[in-house]
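S.K.: this one's structure only:
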């Protein structure tokens, strides 16, 4: 790349240039390519350079598609017209199909590459995105810690002794470290929001059915959604404008958005009624004081923005039975499709042994129960427009949270991480993790904003307001040794 071209960030050579490009927003990266100030190959080379230097200390990527990505970048540079993500490097969680690659689901039980992209990846490519690799996850995304017997742990860029959360922890670590500007993940119990909170990113779990799960009819039945992790709210809106929409094979579909989400962000919200609560939806869990302090600080910021903010006492419905039925059924459905079930992790095999007693009718009952719970949750939003809570109850654990843990221990250790998030997977409501500064331990803080069903726009607009008054993208994590 000609580093003297006007408007190209990160002037200079090598590492500084690569960091200057990769810490730009996705929107800005696409603009650089569109205006000729950088090429797609420039961006992909910068991404690959940073991956080669930094990822050995993080473990964010399960596999890197260097040659394929460079060839795809060259093809993008020869193409016209140019899409909204033209030339932008993007990573993909390893539960989503990328043509020519094995979909491992974080384990070792699959060996054969898939023939075609999943629908979400197809849409990324159609918009001009370049897939640079597949990111790490725990086996079948079962845990809020990204640790795998087959591929090892993933580390948090802010403190490599700590977890980036999960299950989309590889995607979150890759974006937070500036290896890519955006990465796809999935959220079946908080798997976008939890790593976003741990890594200082914006992560929106959209309304159920907003993004296609094809070629699969569902992702953990009614629990799961596909979506991006990004550093800015506008980047998330841009990615969702590309990804949104269902296909006939999807079991669920969301009400179509009235307009582009990027365009919707141009109109700030009027004063909204926002309730807040530090009470988890899971009994017996207490939030860390740093998360409560972040909640209070955000309450003050929202009041200064003109919103009516008041403390509420949510009557959370008990979603345990509905969640467990779909969680177990979803893991079982994915595990039944692998090539080598004998290579599954012992914890997974233990869970599968228990789920053999779970009839298919129990999963369907869990889905129907979730719909009833969603109607009950809707009543909370008759007196407020949005609900503000913490995202996670505890600070990110040291790496090794799953090491030596059996099924029961892993479940117990997971509870504080999903205590605020999993309910909204059961009900299908949109919910986002929004950065809220850093704690005394140097790790990010975050809050969760939950909206009415099909009202991602209000969540995005208020998140964008918070980003304006307390920009979170200026601080970068310390890099691990080269």
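M.R.: It's in. What you are looking at is a predicted structure, and each value in this text was computed from that prediction instead of being measured.
S.K.: Could you pull up the contacting residues of the residue nearest the centre of the chain?
M.R.: Nearest to the mean C-alpha position of the chain, by C-alpha atoms, centre = their mean, lies residue 192 at 2.7 Å. Residue 192 makes contact with 168, 185-186, 203-205, 225, 227, 229, 433 under the criterion C-beta atoms under 8 Å, 6 or more residues apart in numbering. C-beta here means a position set from N, CA and C on the backbone, and glycine is covered the same way.
S.K.: What of residue 102?
M.R.: By C-beta under 8 Å, 6+ apart, the residues touching residue 102 are 110-114.
S.K.: wait, residue 212 sits on residue 122?
M.R.: No: contact criterion C-beta atoms under 8 Å: residue 212 and residue 122 do not qualify, at 9.2 Å.
S.K.: more neighbours, these two?
M.R.: Neighbour comparison, residue 212 and residue 122: the larger count goes to residue 212, with 24 against 15 (by other C-beta atoms under 10 Å).
S.K.: Which residues outside the longest helix seen in the chain are in contact with it?
M.R.: Counting by DSSP state H, the longest helix found in the chain is helix 360-380. Contacts of helix 360-380 with the rest of the structure, by C-beta under 8 Å, 6+ apart, involve 221-222, 275, 312, 314-315, 317, 319, 321-326, 328-329, 387, 423, 426-429, 452-453.
S.K.: Among those, which ones are in strands?
M.R.: Assigned to strands by DSSP state E, the following of the contacts of helix 360-380 qualify: 275, 387.
S.K.: Looking at the contacts of helix 360-380, which are in helices?
M.R.: Judged by DSSP H, helices contain the following of those: 321-326, 328-329, 423, 426-427.
S.K.: For PyMOL, write a command that selects the buried ones of the residues you listed.
M.R.: Selecting the buried subset of the ones in helices among the contacts of helix 360-380 in PyMOL, with 16 or more other C-beta atoms under 10 Å as the burial test, is done by:
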select buried, resi 322+323+324+325+326+328+329+423+426+427
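S.K.: Can you redo the ones in helices among the contacts of helix 360-380 as CSV, where the extra columns are distance to residue 66?
M.R.: Converted to CSV, these look like this (distance: C-beta to C-beta, whole Å):
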residue, distance to residue 66
321, 46
322, 43
323, 39
324, 41
325, 42
326, 38
328, 38
329, 38
423, 41
426, 40
427, 41
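S.K.: So the residue nearest to residue 349 when sequence neighbours are not counted versus residue 139, what's the distance?
M.R.: Nearest residue to residue 349 in three dimensions, chain neighbours excluded: residue 341, at 8.0 Å (C-beta to C-beta, 6 or more residues apart in numbering). Applying C-beta to C-beta, to the nearest Å, the value for residue 341 to residue 139 is 12 Å.
S.K.: can you check residue 330 too?
M.R.: According to C-beta to C-beta, residue 330 stands 13 Å off from residue 139.
S.K.: Just want to know which of the two has more residues nearby.
M.R.: The neighbour count for residue 330 versus residue 139, taken as other C-beta under 10 Å, is higher for residue 139 (27 against 24).
S.K.: got a list of what residue 142 touches?
M.R.: Counting by C-beta under 8 Å, 6+ apart, residue 142 touches 167, 327, 331, 347-348, 351, 410.
S.K.: Test for you: state the pLDDT assigned to the residue nearest to residue 349.
M.R.: pLDDT recorded at residue 341 is 97.
S.K.: Confirm for me that residue 288 is in contact with residue 391.
M.R.: No: contact criterion C-beta under 8 Å: residue 288 and residue 391 do not qualify, at 11.2 Å.
S.K.: neighbour-wise, which of these two wins?
M.R.: Counted by other C-beta under 10 Å, residue 288 and residue 391 do not tie: residue 391 has more neighbours, with 31 against 16.
S.K.: Quick check: the more buried one touching residue 422?
M.R.: No: contact criterion C-beta under 8 Å: residue 391 and residue 422 do not qualify, at 11.6 Å.
S.K.: Common neighbours of these two, please.
M.R.: In contact with both residue 391 and residue 422: residue 190, using C-beta under 8 Å, 6+ apart.
S.K.: before we move on, back to that, mind putting the ones in helices among the contacts of helix 360-380 into a markdown table with distance to residue 363 and pLDDT?
M.R.: Formatted as a markdown table, the ones in helices among the contacts of helix 360-380 follow (distance: C-beta to C-beta, whole Å; pLDDT from 0 to 100):
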| residue | distance to residue 363 | pLDDT |
| --- | --- | --- |
| 321 | 11 | 96 |
| 322 | 10 | 98 |
| 323 | 11 | 98 |
| 324 | 10 | 97 |
| 325 | 5 | 97 |
| 326 | 6 | 97 |
| 328 | 8 | 97 |
| 329 | 4 | 96 |
| 423 | 18 | 98 |
| 426 | 13 | 98 |
| 427 | 17 | 98 |
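S.K.: quick one: which of the ones in helices among the contacts of helix 360-380 is nearest to residue 243?
M.R.: residue 427 (21.4 Å; C-beta to C-beta).
S.K.: where along the stretch 201-350 of the chain do the strands fall?
M.R.: Here the stretch 201-350 of the chain has its strands, by DSSP state E, counting those that start in this stretch, at 202-205, 225-230, 273-276, 308-311.
S.K.: So the closest residue to residue 287 other than its chain neighbours versus residue 283, what's the distance?
M.R.: The shortest distance from residue 287 to any non-neighbouring residue, by C-beta to C-beta, 6+ apart, is to residue 393 (4.7 Å). Separation of residue 393 from residue 283 (C-beta to C-beta): 12 Å.
S.K.: more crowded one of the two?
M.R.: Set residue 393 next to residue 283 and count neighbours by other C-beta under 10 Å: residue 393 wins out with 20 against 11.
S.K.: low-scoring stretches of the stretch 351-482 of the chain, by residue?
M.R.: Applying pLDDT under 70 to the stretch 351-482 of the chain flags residues 480-482.
S.K.: how about 50 then?
M.R.: 482 (pLDDT under 50).
S.K.: Repeat that for the stretch 1-150 of the chain.
M.R.: Looking along the stretch 1-150 of the chain with the criterion set at pLDDT under 50, you get 1-6.
S.K.: make it 80
M.R.: For the stretch 1-150 of the chain, the stretches with pLDDT under 80 are 1-15.
S.K.: Tell me where it has strands.
M.R.: Secondary structure of the stretch 1-150 of the chain (DSSP E, counting those that start in this stretch): strands located at 61-64, 89-93, 130-135, 147-148.
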